[in-house]
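**Q** prediction below, plus the sequence it came from.
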Amino acid sequence: MARVVAVHGIGKQLLGEDSLLRQWRPALADGLRRAGAGRAAAELHVEMAFYGDCFRPAGGFLAPGDPPYSADDVAEGFERELLLAWWTAAAETDAGVVPPGAETLAATPQSVQAALRALSGSRFFAGVALRGLISDLKQVRLYLTDAGIRQRVRGRVLEVIAEDTRVVVAHSLGSVVAYEALCARPGHGVRALVTLGSPLGIPHLVLHRLEPAPLRLGGGVRGIWPGGREVVWTNIADDGDVVALVKDLRPFFGNRMRSVRVHNGAHAHDALAYLTDALCGRAIAGGLL
């Protein structure tokens, strides 16, 4: 039985539970030790909730494993809006990225090509192939707009959360999946939810599409709390993390949430960089001790 359930992010369709756990488990233990919780690190029982294969196309893979996408494959609407949001965020944190202009934000075909060119030259997306970036856009869009995919992916997380699960730690898109899974299981025994590099606060594209839907309060929205009062939710973001477009989620989920900033250097969105930080370890240890 897993006292800690880990939920990965986008772009892991060619991996699996065991391969991801070989990366995550040492990083989790390192973070716990940095937090002074060496005993918890030594006794760590963790299981990976894997859903990457839900996005893996059948047959015809290129060497890196992504379909041969081009700029023409970025769909109107959600995918284009998220791409432009990433471009805007990258330009705010990376002086080497030319910011989008007003004419670009009009969502023309040229704007997609310009966004992809700009992001390919950013520090954040360094080393990410164009087809991989477009594949990630499509994974986020599919989860949030395809009911069948959403149910299948969320089911993977619900299958792993057991009666003795005390901590759920989730990265990137996985934080959206984990949040919705906990909301879908009233009475769960999870004490700590730790979200890393989360896109949960992106208005309209993510926040307003959550299940259950956020409550509308005056001119804003308030997301449902993912459990009872005993749940401690810690959201951790790096200032340079483009995927975590909104760093502080408290305005949308309440001041009970703990909002943490960390410094991951050149690996702003990397799950392992988040996991090895002492503040992440402290949040996880709080649910175990």
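**A** Great, that's in hand.
**Q** contacts for stretch 212-223?
**A** Stretch 212-223 is contacted by residues C183, L200, L207, H208, L210, I224, P251, F252, F253, G254 when judged by C-beta atoms under 8 Å, 6 or more residues apart in numbering. Backbone N, C-alpha and C define where each C-beta goes, glycine included.
**Q** how about the contacts made by the fifth one?
**A** Which is L210. L210 neighbours (C-beta under 8 Å, 6+ apart): V176, Y179, E180, L200, G223.
**Q** how about the third one?
**A** With contacts defined as C-beta under 8 Å, 6+ apart, the neighbours of L207 are L200, G201, P214, V221, G223, F252.
**Q** and the pLDDT at it?
**A** L207 is assigned a pLDDT of 95 by the prediction.
**Q** report the separation between it and R25.
**A** 31 Å (C-beta to C-beta, to the nearest Å).
**Q** what sits opposite A192 in the beta ladder?
**A** Using DSSP bridges, the beta-bridge partners of A192 come out as V167, V232.
**Q** so W233 makes contact with P226?
**A** Yes - using C-beta atoms under 8 Å, W233 makes contact with P226 at a distance of 6.8 Å.
**Q** return every residue with contacts to both of the two.
**A** L193.
**Q** show me what the helix or strand bottoming out on mean pLDDT in the chain packs onto, helices and strands only.
**A** In the chain, no helix or strand scores lower on mean pLDDT, DSSP states H and E than helix 109-120, which sits at a mean of 74. When contacts are defined as 3 or more C-beta pairs under 8 Å, 6 or more residues apart in numbering; DSSP states H and E, helix 109-120 packs onto helix 78-93, helix 130-145.
**Q** now the first one - C-alpha only, CSV.
**A** Meaning helix 78-93. Only the C-alpha atoms of helix 78-93 are listed here, as CSV (Å, rounded to 0.1, in the frame of the first residue of the first chain):
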residue,chain,number,x,y,z
PHE,A,78,-7.6,26.0,-26.8
GLU,A,79,-4.2,24.9,-28.2
ARG,A,80,-3.4,28.2,-29.8
GLU,A,81,-4.5,30.2,-26.7
LEU,A,82,-2.4,28.1,-24.4
LEU,A,83,0.6,28.4,-26.8
LEU,A,84,0.3,32.1,-26.8
ALA,A,85,0.0,32.2,-23.0
TRP,A,86,3.2,30.2,-22.7
TRP,A,87,4.9,32.6,-25.1
THR,A,88,3.8,35.6,-23.1
ALA,A,89,5.0,34.0,-19.8
ALA,A,90,8.4,33.0,-21.3
ALA,A,91,8.9,36.5,-22.6
GLU,A,92,8.3,37.9,-19.0
THR,A,93,11.0,35.7,-17.5
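**Q** contacting residues around it?
**A** Contacts for helix 78-93 (C-beta under 8 Å, 6+ apart): 74, 97-100, 104-105, 107, 111-112, 115-116, 118-119, 122, 124-125, 134, 137-138, 140-141, 144-145, 202, 204-205, 239-240, 242-243, 245.
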